[in-house]
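K.L.:
Sequence isn't available, so here's the structure alone:
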């Protein structure tokens, strides 16, 4: 069955696109200058996003550990190197799926070591001839990077091998990690030499370069960046043992699109992000994404394919035909089982041999009729474990051949010398069954290659004495722990550790009827031929374009140091609330409404009560006579009374507004009349069931509501249980007058009509009835229940509940979809902002008590004056009144004696209308003397 995460992949059926590899002239080199010279270089974090583009052609920069090139020293006596494309390299093959209109640049290392004196010439040659940018890594640094951190730490861990002893991968070495980071920086420097950040796409490959996204995102906030992991990603229980686990996760989350071969690998990555970083994912319309500081990081699940064109061309070679004929004659009359693996500890070669030995033991009739050909490719790593595997393999092969062999017949043929590609293809063609028993492998394309080769060609069929028009057949026995297993639904899947099961699977593959073998082969060939490497690359590019679609319209800036760097991306209408902005508005206003949530706002979700600092700030705000402060919480009234009893004039709403107490001198009262709570007898047993099966969860019983809280439970399991409980409660309470909602680590059942928005609406209505229209409204909350408050105060701007010049601040905690227009990151920023408001109140009160009383005299006489002069005078007076440091009254004179009037905002607005329209024009105001100037 095809493993996929995106529904749009269903539209990508049919023949895979094929594109030629014709070279194009390199249009530009080093269009963006600069080198990332320091890990903590913050001066460059926001540069490069707005640079003008010099070319409009789409371009892909492919970054891998190794360039898709072969290098050879010139043997004709001349100095220098000869280079050619490595046709076996996946990085080269994927180019066929990107399209002819996409220019491709490669960045990576060369397999050969280049002397420093030759590096400049080699770099220029590769750039001009192959569009490759080589990263020259000093040998000592490369050893620590590749053979050290990559092969001793990451590779074993990602294949589920923990360093329980120094012999098993080695203990964590900080110097190797530093080398890994340094090499990733060098790669970043090379990408920067050729990138045009607002136009180019960057595609980074595999675990060698996992921190590269951070360096690129740090330099170019809007870089279009994809990453594909070609190895397994381990479960969170394994991954969490890595000392630099958070650094690697945060670095990957600086990508726009992260690709995995299977859903299991993606699921493990998402679980790690949730458990270690608190970043949860959402699935919408077939797309999986993580919200990370305002950016959506998309997840792509699609196994890589093989290059069909290359395989078919090798099948047509005369050398292949000749090799097939040679092998046919050599093994004539015997059934061949084939294994092709690297000689490392995860490929399960010894387990395969043991299973084959058991097959011969249990089925003596097969001796002399079947044989296992094991091709052992050279190990990519080095060390004691490789030597042990080699010794064990040789010993097992010798034992089997001694037990079951006879003259002219060796049951096991071990080929450990390098083979040409056409030779390997020939072995595929003659094998009746392919065995892959790896205990852990990221993908493994051997089964795909085998299926295509068994489909063969007309010439090969004739060579083997087959009818070219006859149906093809093949059999696969594959480990369930390899990446290609989910996509091969016709294969016999096995647990390689179960020797008996593997031996039985081998026997089944031999005795299955030909018709079923043909059906299995047809199913596999149809999938493999349509989901080739071009299809995979094309699909990844489409999703990368989709993931980067909103880059231009979002506002971005970088925060954090070193590998903790990340980019905040916000919608233009959603911005961070700055202390300076809100304090400025606070000082200009005279009638303020402040509504605050408690949990997650005044106190963090893990705190049991507000701290002394928060209580002190609330006291300062409540002492300001211009403020009406309300705590609107989901907590019960007893907790709120205990926590905030020291705050005078503080209004409180408990249980999401079911209970309200306007101030400390009044009693609690209910906002909504509820006749009966009989529905609790239905809901509570259901919640109790989930509490018993979810360790760490508990039930909060309120007077008006029931809350199931899983804050202390396992994050993943608790979230899963919460979804089930929500569905269960909605089902059993369908006909009851209640609402069932989920929140931050809770599922709550409460009466219909009870919500925080009701409190906000009643507060504004009460102030309106007292003829006090708020000109400042601040509302802060952190979860879904607070969205009702945001909605009410935003709607109040359109009716008469607020002053026409009101300043409204609806603010949520954290960057997430919200009806609020502002956000603050966490409770510490909220406390800092409220402290700024409290300090402003104290300063204003202090200024009022210290400022002398001033009298402003207006002499209005029936003289001609322009409306412009009157407006300017009134503006001056308005500004003077808005400065709270002045206490004054207004004196107006005409032919009558002066009349001294008390000054307030409503009178000021009234005078504004009457004076401008009066026959007694308002003249210019001299602020220094406090009097009007005559014409």
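P.N.:
Good, I have the coordinates. Values in this document were obtained by computation on a predicted structure and should not be read as measured data. Residues are numbered from 1 along each chain as shown.

K.L.:
use CA for all of it now, contacts and neighbours both
P.N.:
Will do.

K.L.:
What segments of the stretch 451-600 of the chain are strands?
P.N.:
Secondary structure of the stretch 451-600 of the chain (DSSP state E, counting those that start in this stretch): strands at 475-479, 492-494, 555-559, 566-570, 575-576, 592-596.

K.L.:
Tabulate those (JSON lines), appending mean pLDDT.
P.N.:
Conversion of these to JSON lines gives the following (pLDDT from 0 to 100):
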{"stretch": "strand 475-479", "mean pLDDT": "97"}
{"stretch": "strand 492-494", "mean pLDDT": "97"}
{"stretch": "strand 555-559", "mean pLDDT": "81"}
{"stretch": "strand 566-570", "mean pLDDT": "83"}
{"stretch": "strand 575-576", "mean pLDDT": "84"}
{"stretch": "strand 592-596", "mean pLDDT": "93"}
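
K.L.:
Test my guess that residue 574 contacts residue 822.
P.N.:
Yes. Using CA atoms under 8 Å, residue 574 is in contact with residue 822, at 5.7 Å.

K.L.:
Looking at the strands of the stretch 451-600 of the chain, spot the one closest to residue 765.
P.N.:
When the strands of the stretch 451-600 of the chain are compared by CA to CA, strand 592-596 sits nearest residue 765, at 11.6 Å.

K.L.:
And the closest one, how far out from the chain middle?
P.N.:
35 Å (CA atoms, centre = their mean, to the nearest Å).

K.L.:
Same check on stretch 624-639?
P.N.:
Worked out by CA atoms, centre = their mean, stretch 624-639 lies 37 Å from the chain centre.

K.L.:
Could I get the average pLDDT for it?
P.N.:
The average pLDDT within stretch 624-639 is 90.

K.L.:
Pull out the buried residues from stretch 289-305.
P.N.:
Within stretch 289-305, the residues that count as buried by 16 or more other CA atoms under 10 Å are 289-305.

K.L.:
Check stretch 494-509 too.
P.N.:
For stretch 494-509, the neighbour count (16+ other CA under 10 Å) marks 494, 495, 496, 497, 499, 502, 503, 504, 505, 506, 507, 509 as buried.

K.L.:
what sits up against that stretch?
P.N.:
Applying CA atoms under 8 Å, 6 or more residues apart in numbering, the contact partners of stretch 494-509 are 348, 351-352, 354-356, 358-359, 433, 437-439, 475-481, 492.

K.L.:
The strand or helix carrying residue 283 - contacts with which helices or strands?
P.N.:
Assigned by DSSP states H and E, residue 283 falls within strand 281-284. With contacts taken as 3 or more CA pairs under 8 Å, 6 or more residues apart in numbering; DSSP states H and E, strand 281-284 sits against strand 287-292.

K.L.:
counting contacts, what elements does the helix or strand just after the strand it packs on pack onto?
P.N.:
Next helix or strand after strand 287-292 toward the C-terminus (DSSP H and E): strand 295-301. Applying 3+ CA pairs under 8 Å, 6+ apart, one finds that strand 295-301 contacts strand 257-260, helix 263-272, strand 287-292, helix 533-547, strand 566-570.

K.L.:
mind redoing it with 10 Å?
P.N.:
Strand 295-301 is packed against strand 224-228, strand 257-260, helix 263-272, strand 281-284, strand 287-292, helix 533-547, strand 566-570, with contacts defined by 3 or more CA pairs under 10 Å, 6 or more residues apart in numbering; DSSP states H and E.

K.L.:
How about residues contacting the last one?
P.N.:
Which is strand 566-570. Contacts to strand 566-570, defined as CA atoms under 10 Å, 6 or more residues apart in numbering, come from residues 45-46, 214-215, 217-218, 220-222, 250-251, 253-254, 292-296, 550-551, 553-560, 575-576, 815-816.

K.L.:
Determine the angle, from 0 to 180 degrees, between it and strand 287-292.
P.N.:
Strand 566-570 and strand 287-292 are oriented at 110 degrees to each other (axes from the mean of the first three to the mean of the last three CA atoms, to 10 degrees).

K.L.:
Partner strands of strand 566-570, with direction?
P.N.:
Strand 566-570 pairs in its sheet with strand 555-559 (antiparallel), by DSSP bridges.

K.L.:
go on, the fourth one?
P.N.:
Its sheet considered, strand 281-284 pairs with strand 287-292 (antiparallel) by DSSP bridges.

K.L.:
do the same with the second one
P.N.:
Applying DSSP bridges to the sheet, strand 257-260 is found paired with strand 224-228 (parallel), strand 295-301 (parallel).

K.L.:
hey, what's in contact with both of residue 574 and residue 822?
P.N.:
Taking CA under 10 Å, 6+ apart as the criterion, residue 574 and residue 822 both touch 811, 815.

K.L.:
related to what we said a few turns ago, got CSV for the strands of the stretch 451-600 of the chain, with distance to residue 703 too?
P.N.:
Shown next, in CSV, are the strands of the stretch 451-600 of the chain (distance: least, CA to CA, whole Å):
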stretch, distance to residue 703
strand 475-479, 56
strand 492-494, 56
strand 555-559, 44
strand 566-570, 40
strand 575-576, 37
strand 592-596, 22
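
K.L.:
Out of the ones you listed, which is the most enclosed?
P.N.:
strand 475-479 (a mean of 26; mean count of other CA atoms under 10 Å).

K.L.:
on contacts alone, who are the packing partners of that one?
P.N.:
Under the contact criterion of 3+ CA pairs under 10 Å, 6+ apart, strand 475-479 touches strand 335-342, strand 433-436, helix 446-455, strand 492-494, helix 499-511, helix 514-530.
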